[in-house]
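> Quick one, fold the following:
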Amino acid sequence: MRFRLRTLLILASIAPPLLAIAISTVVVFMRSKSPPTTKGYWPGMMLTDFESGGMIHIFSDGRRESGVPGLIGCLDHESPGIRRSAADWLAAIGSPAKDALPALKKLQVTDEDERVRDAAAKAIDRINTPAVR
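Predicted structure coming up:
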């Protein structure tokens, strides 16, 4: 149990949007009989708008890039919080989210919300930066 709690705390500390996914991941691990591993597994992405209370879950087949099309679609959402959350997730995915670059560049220039524009700029930077291994 201590290992699973430590896993939850680590996942939750990575980035605020990962908190919901961290909790659901730990619940899955607690139900399993085998030792948990999270390396390379993305069960899905939770997009949240804390101001309006809106929430969208993007399902994944376990590969981080499998959620990219759904996240790209959320970049046009009416809620700035959802658009910002989608950009944050694309930043977390990094270079496998390169298909999102045209939509992110448009968002960076045209969105009326400064926080959304900043999140789009961060995502563009992360996607264009090669991963360090």
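> quick one: which helix or strand includes residue 57?
Using DSSP states H and E, residue 57 maps to strand 54-62.
> for that strand, packing partners?
Strand 54-62 sits against strand 42-49, helix 68-74, helix 80-93, with contacts defined as 3 or more Cβ pairs under 8 Å, 6 or more residues apart in numbering; DSSP states H and E. Using the backbone N, CA and C atoms, a C-beta is placed for each residue, glycine as well.
> pLDDT score assigned to residue 45?
Looking at residue 45, its pLDDT is 77.
> Could you measure from it over to residue 112?
24 Å (Cβ to Cβ, to the nearest Å).
> between those two, which one's more packed in?
Using other Cβ atoms under 10 Å as the criterion, residue 45 and residue 112 rank with residue 45 on top: 28 against 7.
> returning to what we had before: what strands flank the strand holding residue 57, and is each parallel or antiparallel?
strand 42-49 (antiparallel) (DSSP bridges).
> So which helix or strand of this structure has the lowest pLDDT on average?
Least confident helix or strand, the chain: helix 18-31 with a mean of 50, by mean pLDDT, DSSP states H and E.
> who touches the strand holding residue 57?
For strand 54-62, contacts defined as Cβ atoms under 8 Å, 6 or more residues apart in numbering pick out 41-49, 66-67, 70-71, 74, 77, 79, 81-82, 89.
> would a markdown table of the helices and strands packed on strand 54-62 with distance to residue 122 be doable?
Compiled in a markdown table, those are given as follows (distance: least, Cβ to Cβ, whole Å):
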| stretch | distance to residue 122 |
| --- | --- |
| strand 42-49 | 16 |
| helix 68-74 | 14 |
| helix 80-93 | 5 |
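> Buried deepest among those, which one?
Burial of the helices and strands packed on strand 54-62 is given as mean neighbour count (mean count of other Cβ atoms under 10 Å); helix 80-93 ranks first at a mean of 25.
> who are the neighbours of that one, in terms of helices and strands?
strand 42-49, strand 54-62, helix 68-74, helix 101-110, helix 114-128.
> Alright, that wraps it up for me.
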